[in-house]
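*Asks:* sequence first, then the predicted structure, then my questions.
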Amino acid sequence: MQLFFIEKPESEIILSKEESKHATKVLRKKEGDILNFTDGKGSFYKAEITIADTKKCRLQIISSKQKPKQHNYHLHIAIAPTKNMDRYEWFLEKATEIGIDEITPIICDHSERKVLKTERCNRILLSAIKQSLKFHLPKLNEAMPLKDFLELDFEGNKYIAHCEKSDKLELKNVKLEEKTLILIGPEGDFSPAEIEIALQNQFKAVSLGKSRLRTETAGIVAVHTINLKY
């Protein structure tokens, strides 16, 4: 099944030039054929092509229904942007495929990248839900300093995954609630001061295994571990 995205569904859908070309030239769709759409909020639409134009393909919505989320938890990963943006974008794509609900880029003491192109990141998230046939688009928050992020209120479990030697819970063994927030630091890890502030704010230290992981790998391990527990 091919899945398209529509931000604000109306009775008639007009595809962009790029998607019109994809539908008519690549997928070879013609008038009377059906395309599938989601709005990223759980809605699933079927629409019939009325005009198969390569530059402005038009469709009419013929049915709609609400799709349940494919995982029964709310996972929020606050993860520092990597110096190499390709690695961060890889995390966004794979985390979406596995199952994630919210992402906050956090700027830490050891961060080498402090600017993030949110628009491009959102395009990657959108592409990932279409590719993996998901109907809920993860929320990408604006980047913010870790110290500001820690002052926000959160419900559910709160964890920080760091590399310092200390008593830690194994993430795979923790008892999880419906909502879970996990902090993942930059390539140079969280600073001792940041770890201490997080612990003071009721975050629990967790281990993601015996290996020392890259930032984006740690993020994927965390997402996959939560996915397996549910």
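*Replies:* Looks like it came in fine. Numbering: from 1, shown residues only.
*Asks:* can we go C-alpha only for contacts and neighbour counts from here?
*Replies:* OK.
*Asks:* show me where this protein has helices.
*Replies:* For the chain, helices defined by DSSP state H occupy the ranges 17-21, 85-98, 118-131, 146-149, 192-200, 215-229.
*Asks:* closest one to residue 31 among those helices?
*Replies:* Closest to residue 31 of the helices of the chain is helix 17-21 (Cα to Cα; 12.3 Å).
*Asks:* and the closest one, average pLDDT?
*Replies:* Averaging pLDDT along helix 17-21 gives 92.
*Asks:* and for stretch 162-170?
*Replies:* pLDDT averaged over stretch 162-170 gives 89.
*Asks:* list the buried residues of that stretch.
*Replies:* 162-163 (16 or more other Cα atoms under 10 Å).
*Asks:* sorry, back to before: adding distance to residue 179, write the helices of the chain out as TSV.
*Replies:* What follows is the helices of the chain, written out as TSV (distance: least, Cα to Cα, whole Å):
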stretch	distance to residue 179
helix 17-21	36
helix 85-98	16
helix 118-131	21
helix 146-149	17
helix 192-200	18
helix 215-229	11
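*Asks:* what's the closest of the ones you listed to residue 1?
*Replies:* The nearest among these, by Cα to Cα, is helix 118-131 at 9.5 Å.
*Asks:* list the contacts of the closest one.
*Replies:* With Cα atoms under 8 Å, 6 or more residues apart in numbering as the test, helix 118-131 has contacts from 2-5, 89, 92-94, 96-97, 135-138, 140, 142.
*Asks:* per-domain residue ranges of the chain.
*Replies:* 3-66, 74-229 (automatic domain parsing).
*Asks:* thinking again about what came up before, which of the contacts of helix 118-131 has the most neighbours?
*Replies:* Greatest neighbour count in the contacts of helix 118-131, by other Cα atoms under 10 Å, goes to residue 96: 26 neighbours.
*Asks:* so who does that one touch?
*Replies:* Counting by Cα under 8 Å, 6+ apart, residue 96 has contacts 125, 128-129, 138.
*Asks:* which two among those are spaced furthest apart?
*Replies:* Across the contacts of residue 96, the longest distance by Cα to Cα is 10.0 Å; it joins 128 and 138.
*Asks:* just the strands in the protein please.
*Replies:* 3-5, 12-14, 34-38, 43-51, 58-66, 74-79, 102-107, 139-140, 144-145, 157-161, 169-170, 179-184, 204-207 (DSSP state E).
*Asks:* got those as JSON lines, with distance to residue 222 columns?
*Replies:* Formatted as JSON lines, those follow (distance: least, Cα to Cα, whole Å):
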{"stretch": "strand 3-5", "distance to residue 222": "27"}
{"stretch": "strand 12-14", "distance to residue 222": "38"}
{"stretch": "strand 34-38", "distance to residue 222": "27"}
{"stretch": "strand 43-51", "distance to residue 222": "28"}
{"stretch": "strand 58-66", "distance to residue 222": "28"}
{"stretch": "strand 74-79", "distance to residue 222": "8"}
{"stretch": "strand 102-107", "distance to residue 222": "13"}
{"stretch": "strand 139-140", "distance to residue 222": "17"}
{"stretch": "strand 144-145", "distance to residue 222": "21"}
{"stretch": "strand 157-161", "distance to residue 222": "9"}
{"stretch": "strand 169-170", "distance to residue 222": "11"}
{"stretch": "strand 179-184", "distance to residue 222": "8"}
{"stretch": "strand 204-207", "distance to residue 222": "10"}
